[in-house]
Each structure stands twice: as C-alpha cells, then as structure tokens.
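Novice: Structural data only, the sequence is not supplied:
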C-alpha cells in the first residue's frame, strides 16, 4: 500500500496538469466568473443593436434635461412628457426597415413605457428596449 500511494499521486498530478491547462486556455472555456447577459422579452443587448448598424433608430426616453447634454449619437428624444410634440418627428424618419431601440437610464421605466406605446398605439413592428440603458452605452465607450 505504501508503494501504491506515491504512484497514485503521480498519476493524479499527470491528469490534473493537462486538465487545468485546458480549463484555463481552451477557446471555448465555460464562463465561470462571468454572468451571461440574456435580454428579457422586448429587450436587446447593446452588442446586438450595434450589429444592426444603420437600421437602428435610437430613441432616448429620458427627460429633455438629460438628453441635451449627452445621448447616443443620432438618437432622437421621445418621452412621455413631450410625446405629442416629439412623435411626429420620429415618425418622419421611421420606415418599415428601421429597428427602433429605446433607452433611458438603467433605473427608469420610461423606455419600457415609450416602447410599449410605440408597439400598441403606433403599431410599430420592431421596437426594443436597450438592456442596461444609457449606462450600458457609457460603459461600452470607456
């Protein structure tokens, strides 16, 4: 038994070394420390929206005071407070090939409300809320 124990340790070491190397350096290693972001119903990840490129019509559902100093380039304002004034401008640039992505701050619900109205009241077919909101855009630009 005393002879067998060192041999088992050597075999164990020989098995663990390649396994550890594979776990650390394999191109399809599992995301142990990272949480995979999964968009909810009616949501889209920033990366996906960016892949859509020029098809995206960005709508900022934040207040005018938040929109004016900084917003996603090309984004148009559309919020509940100024809905009747801003909606005609949005519809003037929208067409059936555009994908609408609405955002606000991560902690607000304005983007969900605006997106809901665009889907239900205006009957726009492709309307999404940006998961993570304005903060996801800022984090990407750092």
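Specialist: Now that the structure is in, tell me what you want to look at. Every value quoted in this text rests on a predicted model; they were computed, and no experiment measured them. Numbering: from 1, shown residues only.
Novice: shaky segments in this structure?
Specialist: 1-2, 5, 8, 20-36 (pLDDT under 70).
Novice: And the strands in it, which stretches?
Specialist: 43-44, 56-60, 76-77, 99-103, 127-130 (DSSP state E).
Novice: Need those strands in CSV (columns: mean neighbour count and distance to residue 138).
Specialist: Every C-beta, even on glycine, is put in place using the N, C-alpha and C of the backbone. CSV is the format used below for these (neighbours: other CB atoms under 10 Å; distance: least, CB to CB, whole Å):
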stretch, mean neighbour count, distance to residue 138
strand 43-44, 20, 17
strand 56-60, 23, 13
strand 76-77, 18, 18
strand 99-103, 25, 11
strand 127-130, 26, 12
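Novice: wait, which of these is closest to residue 70?
Specialist: Residue 70 sits nearest to strand 56-60 of all the strands of the chain, at 9.7 Å, using CB to CB.
Novice: Does anything pack onto that closest one? Which helices or strands?
Specialist: strand 76-77, helix 83-93, strand 99-103 (3 or more CB pairs under 8 Å, 6 or more residues apart in numbering; DSSP states H and E).
Novice: rerun at 10 Å
Specialist: On a contact count with 3 or more CB pairs under 10 Å, 6 or more residues apart in numbering; DSSP states H and E, strand 56-60 meets helix 46-52, strand 76-77, helix 83-93, strand 99-103, helix 110-120, strand 127-130.
Novice: And for residue 11, the neighbour number?
Specialist: Residue 11 is flanked by 10 other residues according to other CB atoms under 10 Å.
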